[in-house]
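Peer 1: just coords:
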Ligand code: BMA
């Protein structure tokens with residue numbers, strides 16, 4: 001029985017591997033068969049990475065960033081019985097507009113997938129006269145209807161909370177620029193109808209911790225717990241050999257999630273394995289989703305590795321929350337309501 005409470009639907013058979021022996025330097029461990037998705041997974045697709053999954057009809061479904069052999073990323077649908085072995089639909093997801101007419105983005109990358117009430121929402125980064133957030137909804141994973149783009153360019157890393165808060169949809173995002181953005185904090189916005197967004201608040205800044213000193217961005221959809229919203233995000237540092245992307249953890253206030261209650265000064269996972277250190281873009285661990293079960297407190301994190309692969313990491317909610325609390329360092333930029 002977990003010490004803390006997770007408020008989420010139960011998952012009967014989630015992917016899992018027991019904690020290995022030895023020093024882990026944190027509350028997470030990697031699946032020993034990583035990467036779970038290798039190179040050239042589909043005809044015309046060179047790499048799948050930075051992707052999001054969910055339980056669906058007794059199995060698992062996911063939206064996957066597939067970088068095609070022409071270098072353009074799109075989103076592909078995948079199915080899995082165990083959350084580890086994935087089968088992909090050969091055609092990229094065909095988005096339509098509200099009238100049912102084809103409405104494809106020029107490119108689409110880093111999808112997140114979140115269920116709010118009875119609808120699944122996909123958020124991704126796409127061109128809207130510059131890098132911005134695209135969004136679509138589906139109930140059956142057959143028809144994917146684009147909704148209005150929530151934010152002006154430039155913006156990336158949008159992810160919805162899995163329920164409305166005080167009657168509004170709430171979404172994290174990371175305002176940015178048009179390139180390999182050398183800055184960035186996490187913000188939050190609310191919407192009553194997914195058309196009009198406002199009540200913008202600052203959530204967290206990049207920090208003085210070296211591993212997240214350049215920029216940060218939301219990762220997996222926040223997990224509701226008795227301690228607050230558990231957020232896995234990415235933090236980036238700059239080195240003489242380029243950017244390094246690590247996974248960080250924070251806990252946001254349950255009613256006012258622009259307030260950070262705890263924020264771990266240590267990364268939870270950083271590139272260490274060959275598939276994280278070596279690839280199209282070396283030294284990237286980029287979380288986009290979790291599977292999590294309230295009865296056991298088990299959490300599986302799906303993360304992109306080196307812009308080339310998908311990896312899985314595991315941890316217990318209790319241990320992750322305790323580790324974040326024990327190593328928490330926040331400043332007033334984090335803990336205040338984020339309104340100026
Ligand atoms: C970011 C995003 C991610 C990518 C990362 C590292 O700007 O584009 O998709 O994983 O860079 O290349």
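Peer 2: Yep, that arrived. Just so it is clear, the model here is predicted, and its values are computed rather than measured.
Peer 1: ok, residue 9 - contacts?
Peer 2: Residue 9 makes contacts with 55, 294, as judged by Cβ atoms under 8 Å, 6 or more residues apart in numbering. The C-beta positions use only the backbone N, C-alpha and C, and glycine is treated the same way.
Peer 1: and it, how far from residue 277?
Peer 2: As defined by Cβ to Cβ, to the nearest Å, residue 9 lies at a distance of 35 Å from residue 277.
Peer 1: would you mind listing what in the stretch 151-300 of the chain touches the ligand?
Peer 2: Residues of the stretch 151-300 of the chain lying close to the ligand by Cβ under 6 Å from any ligand atom are 180, 245, 281, 284, 286.
Peer 1: so after whichever helix in the chain runs longest, what's the next helix or strand?
Peer 2: The helix spanning the most residues in the chain, taking DSSP state H as the definition, is helix 317-326. The helix or strand immediately downstream of helix 317-326 is helix 332-335, counting by DSSP states H and E.
Peer 1: buried residues in that following helix?
Peer 2: Buried residues in helix 332-335, counted by 16 or more other Cβ atoms under 10 Å: 334-335.
Peer 1: which SSE is the residue of the chain at minimum distance from the ligand in?
Peer 2: At 3.9 Å from the ligand, residue 281 is the closest residue in the chain, using Cβ to the nearest ligand atom. With the criterion set as DSSP H and E, no secondary-structure element contains residue 281; it sits in neither a helix nor a strand.
Peer 1: gap between the lowest-mean-pLDDT helix or strand in the chain and the chain center?
Peer 2: Of all regular secondary-structure elements in the chain, judged by mean pLDDT, DSSP states H and E, the least confident is helix 332-335 with a mean of 93. Chain-centre distance of helix 332-335: 22 Å, with Cα atoms, centre = their mean, to the nearest Å.
Peer 1: re the thing from before, measure the residue of the chain closest to the ligand to residue 74 for me?
Peer 2: Applying Cβ to Cβ, one obtains 18 Å for the distance of residue 281 from residue 74.
Peer 1: so these two - more neighbours on which side?
Peer 2: Looking at residue 281 and residue 74 with other Cβ atoms under 10 Å, you find the greater number of neighbours at residue 74, namely 24 against 16.
Peer 1: can the strand or helix carrying that one be said to contact the ligand?
Peer 2: Element membership of residue 74 [criterion: DSSP H and E] is strand 73-80. No. Between strand 73-80 and the ligand, judged by Cβ under 6 Å from any ligand atom, nothing touches; the nearest distance is 8.1 Å.
Peer 1: break down the stretch 1-150 of the chain into its strands, ranges please.
Peer 2: For the stretch 1-150 of the chain, strands defined by DSSP state E, counting those that start in this stretch occupy the ranges 29-30, 45-56, 59-68, 73-80, 87-88, 95-96, 108-116, 119-127, 131-138, 144-146.
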